[in-house]
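Colleague: build me a structure from this.
(one chain, ligands or ions: 1)
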Amino acid sequence: MRTDDGWAPSPGGLVRALYPMLRESGGTWVGWTGDSGDDVDPFEVEGVDLHPVPISAEEMELYYEGFSNDALWPLYHDALRESTFDSDQWDAYCRVNDRFADAIAQVAPEGSVVWIHDYQLQLAPGRLRELRPDLVIGFFLHIPFPPVELFTRLPWRDEIVRRLLGCDLVGFQRPMGAANFTAAAQQLLGAEVDGDAILHDGRRSRVGVFPISIDVAEVEEIAAGRATRQRTSQIRARLGDPEVIMLGVDRLDYTKGIGLRLRAFAQLLEDGRLDPTRHVLVQIATPTREAVEHYQDERAQIERMVGEINGRFSRIGLPVVHYLYQTLPYDELVALYRAGDVMIVTPFRDGMNLVAKEYSAAHIDGDGVLVLSEFAGAADELTDAVLVNPHDDHALQDAIVEAVEMHRHERRSRMAGLRDQIRKSDVRGWAARFLSELDSTADVA
Ligand code: ADQ
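Modeller: Sure thing, here's the model as predicted:
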């Protein structure tokens with residue numbers, strides 16, 4: 001990303017995990033600069049070669065906001081909203097994917113390893129395979145891969161599966177994603193399945209499960225810092241020193257179930273199971289995809305609910321819901337995690353959900369309770385959370401009360417379980433495991 005001092009690695013777990021690896025191996029990062037219309041020559045940052053691929057303002061609208069975020073995103077998240085299927089958007093998606101594949105084909109050394117990420121680039125592997133049969137190609141999908149019954153709504157479904165099969169290894173967050181993709185390849189392309197491999201068109205592609213994680217050591221280090229401890233105490237004081245601080249941290253996305261959480265909180269206050277003088281909710285919502293209509297609707301709905309709850313239950317100077325529609329520095333987020341006695345993560349569907357893992361990593365004090373939707377990928381691993389079906393309002397209300405009233409001994413024992421689990425699966429380990437499987441896959445192909 002561009003900063004006042006020039007180019008710098010973007011913040012975020014993925015960059016943090018992959019950047020050191022690329023620096024060590026001397027690899028190249030092919031990506032978009034973040035500004036439409038940018039046409040920048042390749043350059044180097046901290047020993048990593050960066051190869052920018054330009055995307056125009058019109059393509060941003062059709063390829064990114066349109067096909068990626070208004071067709072694929074809702075469809076891949078249980079069709080929570082109606083997808084827009086528009087052939088102009090699809091054409092732009094094809095064009096940008098081809099441009100990425102062409103750029104990679106130009107820079108990749110003979111026989112090298114290429115790792116392509118996420119739903120915006122599902123067509124790139126196929127084109128790259130045609131251009132460069134010598135390469136070892138892996139792909140990782142950060143979001144769920146939907147069940148075949150939903151996926152087949154997509155007019156261009158065959159092409160997506162066919163082009164993904166240009167890979168040597170296709171990785172998913174959860175076993176369900178891998179199973180759904182394999183079923184789609186069988187049903188749509190008549191592909192054969194041999195163990196964890198899909199055979200099609202004379203090629204063999206392996207399918208694997210690689211639950212992503214976070215940089216645990218980094219979060220722990222920030223959490224342990226003096227500045228964070230001070231900030232955490234300050235946050236508690238500013239909130240009026242309530243008995244229990246409940247916390248939600250999400251991109252403001254309709255998949256994240258922020259509205260469900262607010263509704264459950266309001267009902268608990270209404271029924272007197274929570275007390276506005278003792279319990280507060282802090283909801284941090286990161287601005288995201290603001291040009292897409294579904295996101296504008298979601299924001300309006302959430303902000304209305306926050307207003308209603310505060311109007312009904314707050315006291316002068318002491319709101320019961322503290323809502324920020326802001327992107328915060330990571331340090332501030334970690335201080336908030338530490339301040340949160342109960343973290344509520346209630347997506348309808350989520351590939352993984354790193355917030356749940358960050359919260360657990362930040363609780364170096366060994367206390368705190370995580371309420372977690374069964375529909376987040378993280379639920380497979382974080383079994384010491386209070387797991388809940390967020391579609392069931394009574395169950396969600398009960399889960400929140402259980403977390404708020406949980407005995408200290410149980411809280412500590414569950415948090416120890418959560419922390420043990422995330423320490424076993426750091427993001428560097430995730431990347432290393434994917435790349436080593438990719439390497440071994442290519443050997444047997
Ligand atoms: P996301 O849908 O973005 O990721 P998530 O995994 O929770 O969801 O990651 C959000 C990240 O943004 C976290 O690292 C968090 O710290 C950060 N963040 C959230 N709110 C913030 C704020 N207000 N200010 C600054 N930072 C904030 C997609 C998939 C997930 C999958 C990840 C990684 O949808 O399911 O876990 O990719 O594969």
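Colleague: next up, phi/psi of Phe139, please.
Modeller: For Phe139, the backbone dihedrals are phi -140, psi 140 (criterion: degrees, to the nearest 10).
Colleague: in contact with it, which residues are there?
Modeller: Trp115, Ile116, His117, Leu121, Gln122, Pro125, Leu164, Cys167, Leu169, Val170, Gly171 (CB atoms under 8 Å, 6 or more residues apart in numbering). Any C-beta I mention is one placed from the backbone N, CA and C, and that applies to glycine too.
Colleague: distance of it relative to the ligand?
Modeller: Relative to the ligand, Phe139 is positioned 13 Å away (CB to the nearest ligand atom, to the nearest Å).
Colleague: give the bridge partners for that residue, please.
Modeller: Ile116, Val170 (DSSP bridges).
Colleague: quick one: Glu293 and the ligand, what's the gap?
Modeller: 19 Å.
Colleague: buried subset of the contacts of Phe139 as a PyMOL selection?
Modeller: Buried residues among the contacts of Phe139 (16 or more other CB atoms under 10 Å), as a PyMOL selection:
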select buried, resi 115+116+117+121+122+125+164+167+169+170+171
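Colleague: any idea which residue sits dead centre in the protein?
Modeller: Asn353 (5.3 Å; CA atoms, centre = their mean).
Colleague: could you find the closest non-adjacent residue to that one?
Modeller: Ala376 (4.0 Å; CB to CB, 6 or more residues apart in numbering).
Colleague: give me the beta-bridge partners of that neighbour?
Modeller: Applying DSSP bridges to Ala376 gives these bridge partners: Asp350.
Colleague: report how many residues lie close to it.
Modeller: 30 (other CB atoms under 10 Å).
Colleague: what's the answer for Leu131, then?
Modeller: 16.
Colleague: can you check the pLDDT for the residue nearest to Asn353?
Modeller: Ala376 carries a pLDDT value of 98.
Colleague: how about Val48?
Modeller: pLDDT, read off for Val48, is 88.
Colleague: residue contacts, it?
Modeller: Taking CB under 8 Å, 6+ apart as the criterion, Val48 is in contact with Pro9, Tyr19, Leu22, Arg23, Gly27, Thr28, Trp29.
Colleague: may I have the phi/psi pair for Phe85?
Modeller: The phi/psi pair for Phe85 (degrees, to the nearest 10) is phi -110, psi 110.
Colleague: up against the ligand, what does the stretch 151-300 of the chain have?
Modeller: Selection of the stretch 151-300 of the chain residues close to the ligand by CB under 6 Å from any ligand atom yields Ile212, Val249, Arg251, Ile284, Thr286.
Colleague: test my guess that the first one contacts Asn353.
Modeller: No: in this structure, Ile212 is not within contact of Asn353 by CB atoms under 8 Å, at 9.8 Å.
Colleague: got any residues that touch both of these two?
Modeller: With CB under 8 Å, 6+ apart as the test, Ile212 and Asn353 reach no residue in common.
Colleague: could you chop the chain up by domain?
Modeller: Under the assignment automatic domain parsing, the domains of the chain span 2-213+428-444, 216-424.
Colleague: least reliable of those domains by average pLDDT, please.
Modeller: Across these, domain 2-213+428-444 gives the lowest mean pLDDT, at a mean of 93.
Colleague: ok now that one, how far from the chain's centre?
Modeller: 15 Å (CA atoms, centre = their mean, to the nearest Å).
Colleague: same check on stretch 260-267?
Modeller: 23 Å.
Colleague: for the ligand, what is the nearest residue in the stretch 101-250 of the chain?
Modeller: Across the stretch 101-250 of the chain, the shortest distance to the ligand (CB to the nearest ligand atom) belongs to His142, at 3.5 Å.
Colleague: re the thing from before, make TSV out of the contacts of Val48 and add neighbour count, secondary structure and distance to the ligand.
Modeller: Formatted as TSV, those follow (neighbours: other CB atoms under 10 Å; DSSP: H, G, I helix; E, B strand; the rest coil; distance: CB to the nearest ligand atom, whole Å):
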residue	neighbour count	secondary structure	distance to the ligand
Pro9	18	coil	15
Tyr19	18	helix	15
Leu22	19	helix	18
Arg23	14	helix	21
Gly27	20	coil	20
Thr28	19	strand	22
Trp29	16	strand	17
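Colleague: which SS state does the residue of the stretch 101-250 of the chain closest to the ligand fall under?
Modeller: coil (DSSP: H, G, I helix; E, B strand; the rest coil).
Colleague: distance of it relative to Leu14?
Modeller: Distance, His142 to Leu14, using CB to CB, to the nearest Å: 8 Å.
Colleague: go on, Arg278?
Modeller: 39 Å.
Colleague: does Leu80 touch Phe348 like I think?
Modeller: Yes: checked against CB under 8 Å, the pair Leu80 and Phe348 is within contact range at 5.7 Å.
Colleague: common neighbours of those two, please.
Modeller: Joint contacts of Leu80 and Phe348 (CB under 8 Å, 6+ apart) are Tyr254, Thr255.
Colleague: picking up where we left off before, which one of Arg278 and Leu14 is surrounded by more residues?
Modeller: Leu14 (17 against 10).
Colleague: got a list of what the more buried one touches?
Modeller: Leu14 neighbours (CB under 8 Å, 6+ apart): His117, Ile212, Val427.
Colleague: doesn't it fall inside a helix?
Modeller: Yes: assigned with three-state DSSP, Leu14 falls within a helix.
Colleague: going by neighbour count, list what's buried in stretch 237-249.
Modeller: Quick answer for stretch 237-249 (16+ other CB under 10 Å): Leu239, Pro242, Val244, Ile245, Met246, Leu247, Gly248, Val249.
Colleague: equivalent analysis for stretch 217-229, please.
Modeller: Buried residues in stretch 217-229 (16+ other CB under 10 Å): Glu218, Val219, Glu220, Ile222, Ala223, Thr228.
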